[in-house]
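Asker: Structure for this input, please:
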Amino acid sequence: MLNVVPGYGPAVGTPIVTHPLIRKVAFTGSVATGRAIMGLAAQRTLPLTLELGGKSPNIVLADADLDDAARYAFAAFTFKCGQVCSAGSRLLVESAVHDEFVERLVERARKARIAPGIEDPDLGSLATAAQYEKVRSYLEIGPAEGARIATGGGLPSDERLAGGYFVEPTVLIDVDNGMRVAREEIFGSVLSVIRFDGEDEAVRIANDTEYGLVAGVWTTDLGRAHRVAAEIEAGQVFVNEYFAGGVETPFGGFKSSGFGRENGFEALKHYTQSKTVTARI
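Answerer: Numbers count the residues shown, from 1 in each chain. Reported below is the predicted structural model:
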């Protein structure tokens, strides 16, 4: 049976987690709320699955197919206007191809069509007024920290969009991994581009985050792809694509991105308690 109970945390979430008949909770949402749920669950020793935030690195190595990578990199930070936990919001590009790749990505972003969702555009509106204001604030935070706006950074010029929560897809360059735009989950179509030299530095930057949900690796060398993927601290790594897998592939995070897995047979383990009975006859 599936019973949908809409409501906010204090009225619905807390009673569900604390109710004595609830035997398992799986939560998808923010790190802050996930930690609050953990605190309540600890009082009951309640099993949890938490799928929380992300600041996922999408790594483009110099030997990648740049056209393919640019197409997917755009989708990685604009899908659902970036309002997905697995968005590729940190783009790590090897120095040898950095300028060329950014140029291709910027060209794609400038051609993006922004419109109400019912028109099936490249980007629609953000979900709420609060999220809209949050995303707009990062368009000011980035340049204040020293990042440069390669494209976007403003609101659509189309007058019919003036009353909605629409923001241009924004590409920030000259980003350092210590900046807020590289460390905090924006949950909007704002991309931080970080330059690196060599795969060791790429892995170091990729792992220098409290999150560990998803990562992308772009290279035509499959051995290199496996080597880098093995070193990245993330629950899933997409190679030469971004957003992949299905109901058969386990999904979940490392570090502050949560624990436990959704999808696949592995997810069933989180809803199963084994029992051992031994008898001497």
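Asker: Could you chop this structure up by domain?
Answerer: As assigned by automatic domain parsing, the chain contains the domains 9-52+251-269, 57-239.
Asker: Which of those has the highest mean neighbour count?
Answerer: Of the domains of the chain, the one with the most neighbours on average (mean count of other Cβ atoms under 10 Å) is domain 57-239, at a mean of 19. Heads up, the C-betas are built off the backbone N, CA and C, glycines and all.
Asker: Would you mind measuring the gap between the ends of it?
Answerer: 12 Å (Cα to Cα, to the nearest Å).
Asker: Quick one: distance of it to the chain centre.
Answerer: Mean-position distance between domain 57-239 and its chain equals 10 Å (Cα atoms, centre = their mean, to the nearest Å).
Asker: that older thread, and of the domains of the chain, who's closest to residue 277?
Answerer: Taking Cβ to Cβ, domain 9-52+251-269 is the member of these nearest to residue 277, at 19.7 Å.
Asker: Grab the most central residue of the chain for me.
Answerer: Nearest to the geometric centre of the chain sits residue 86, at 2.5 Å (Cα atoms, centre = their mean).
Asker: Export the domains of the chain as CSV, with columns for distance to residue 1.
Answerer: Converted to CSV, those look like this (distance: least, Cβ to Cβ, whole Å):
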stretch, distance to residue 1
domain 9-52+251-269, 14
domain 57-239, 27
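Asker: Return the per-residue confidence for the residue nearest to the centre of the chain.
Answerer: Note on residue 86: pLDDT of 96.
Asker: Got phi/psi on it?
Answerer: When read as degrees, to the nearest 10, the backbone of residue 86 gives phi -100, psi 10.
Asker: Report the contact partners of it.
Answerer: 54, 56, 213-214, 243 (Cβ atoms under 8 Å, 6 or more residues apart in numbering).
Asker: One more: residue 147?
Answerer: Residues near residue 147 by Cβ under 8 Å, 6+ apart: 172-175, 179, 181, 192.
Asker: on that earlier part again, mind checking the domains of the chain for the one nearest to residue 2?
Answerer: Among the domains of the chain, domain 9-52+251-269 comes nearest to residue 2, with 13.3 Å by Cβ to Cβ.
Asker: returning to that earlier point: of the contacts of residue 147, which belong to strands?
Answerer: 172-173, 192 (DSSP state E).
Asker: Tabulate the residues you listed (JSON lines), appending distance to residue 206 and pLDDT.
Answerer: Shown next, in JSON lines, are these (distance: Cβ to Cβ, whole Å; pLDDT from 0 to 100):
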{"residue": "172", "distance to residue 206": "17", "pLDDT": "98"}
{"residue": "173", "distance to residue 206": "18", "pLDDT": "98"}
{"residue": "192", "distance to residue 206": "13", "pLDDT": "98"}
